[in-house]
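> Next input, structure requested:
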Amino acid sequence: MGQSHSISGVADTDALMHVIRTRRSVREFTDQPVPREMLDQMIEAATWAPNHRHTEPWRFIVLEKDGEARARVADCVYEWTWNYVKNPNPERRARSSAEARDEVLETPALMLVYSVPGMNEEVTHENYAATCCAAQNMQLMAHALGLGIGWSTGRLCKAEEVHKAVGAGPDWTIVGAFFIGFPESLKDAERAPVEEVSTYLN
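Below you'll find the predicted structure:
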């Protein structure tokens, strides 16, 4: 066993790697509410993501449980699912729409993360990449706090009415909808060995 070393004297590398390895995408949660203090910790961790030009392009919109904004968004998702569900079967359409709405309403914490544009296409692209890094920081902090996150780019992101309902800027780019809560369970996972995915060139 190798000896654990610190990063600048403040981080245990074994503990850090454990958080990275055991994080999972989660969409099934207990009913336990997520304290706002935890959400604030997650957002702060996100804001320390790499950001080449220091544009800080990330924007976080939290939809309070049982709030009016969450209800509006749930209605938007219901309508979008009803209009765009692939199977035209009326029963499946109604069921899919209701399930999509109910997940929005019942998830303990729900957050939309956006990237704002830059002065040109290059900076806009960098901003989006930085915001994706911020989202991963947020997921790792959530896991360290005992929370789980499901990062979605599905219905909530595709429905234009959702972005209008939450007051997102017309030129913002949605990075994801984040379903957050205390997980019912965490699954095991595996990754390919480092030597299978890396090449060292002389």
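> Just give the strands next to the longest strand along the chain in its sheet, each with its orientation.
In terms of residue count, the longest strand belonging to the chain (DSSP state E) is strand 173-181. In the sheet, strand 173-181 lines up against strand 109-115 (antiparallel), strand 148-152 (antiparallel) (DSSP bridges).
> Output the next helix-or-strand element following that strand in CSV, but only the C-alpha positions, please.
Sequence order places helix 194-197 as the next helix or strand after strand 173-181, per DSSP states H and E. Taking Å, rounded to 0.1, in the frame of the first residue of the first chain, the C-alpha atoms of helix 194-197 are listed here in CSV:
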residue,chain,number,x,y,z
VAL,A,194,-5.4,3.5,-16.7
GLU,A,195,-3.1,1.7,-19.1
GLU,A,196,-6.0,0.9,-21.4
VAL,A,197,-7.0,4.6,-21.9
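> Surely Val73 touches Val166?
Yes. Counting by C-beta atoms under 8 Å, Val73 touches Val166, with 6.6 Å between them. Every residue, glycine included, has its C-beta placed from N, CA and C.
> of these two, who's got more company?
Using other C-beta atoms under 10 Å as the criterion, Val73 and Val166 rank with Val73 on top: 26 against 18.
> That one is in what secondary structure piece?
helix 68-84.
> Just the angle for that helix relative to strand 173-181, thanks.
Computed with axes from the mean of the first three to the mean of the last three C-alpha atoms, to 10 degrees, the direction of helix 68-84 lies at 110 degrees from that of strand 173-181.
> Please identify the buried residues of helix 68-84?
Of all the residues in helix 68-84, those buried under the rule 16 or more other C-beta atoms under 10 Å are 70, 72-81.
> Now do it, average pLDDT.
Averaged across helix 68-84, pLDDT comes to 96.
> ok, now stretch 107-126?
The predicted model assigns stretch 107-126 a mean pLDDT of 97.
> Give me the buried positions along it.
Residues 107-118, 124, 126 are the ones in stretch 107-126 that count as buried (16+ other C-beta under 10 Å).
> Of all pairs in those residues, which one spans the longest distance?
Greatest spatial distance in the buried residues of stretch 107-126: Pro108 and Gly118, 33.7 Å, computed using C-beta to C-beta.
> which residue ranges form the strands in this structure?
For the chain, the strands defined by DSSP E occupy 6-7, 11-12, 58-63, 109-115, 148-152, 173-181.
> Restrict the third one to CA atoms and write it as PDB.
Presented in PDB, the C-alpha positions along strand 58-63 are these (Å, rounded to 0.1, in the frame of the first residue of the first chain):
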ATOM      1  CA  TRP A  58     -21.900  29.700 -14.300                       C
ATOM      2  CA  ARG A  59     -25.400  30.500 -13.100                       C
ATOM      3  CA  PHE A  60     -27.300  28.400 -10.700                       C
ATOM      4  CA  ILE A  61     -31.100  28.500 -10.300                       C
ATOM      5  CA  VAL A  62     -32.500  26.500  -7.400                       C
ATOM      6  CA  LEU A  63     -36.200  25.600  -7.500                       C
END
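> What strands line up against it, and which way round?
With DSSP bridges as the test, strand 58-63 is paired with strand 109-115 (antiparallel).
> low pLDDT regions in the chain?
Along the chain, the parts satisfying pLDDT under 70 run over 1-11.
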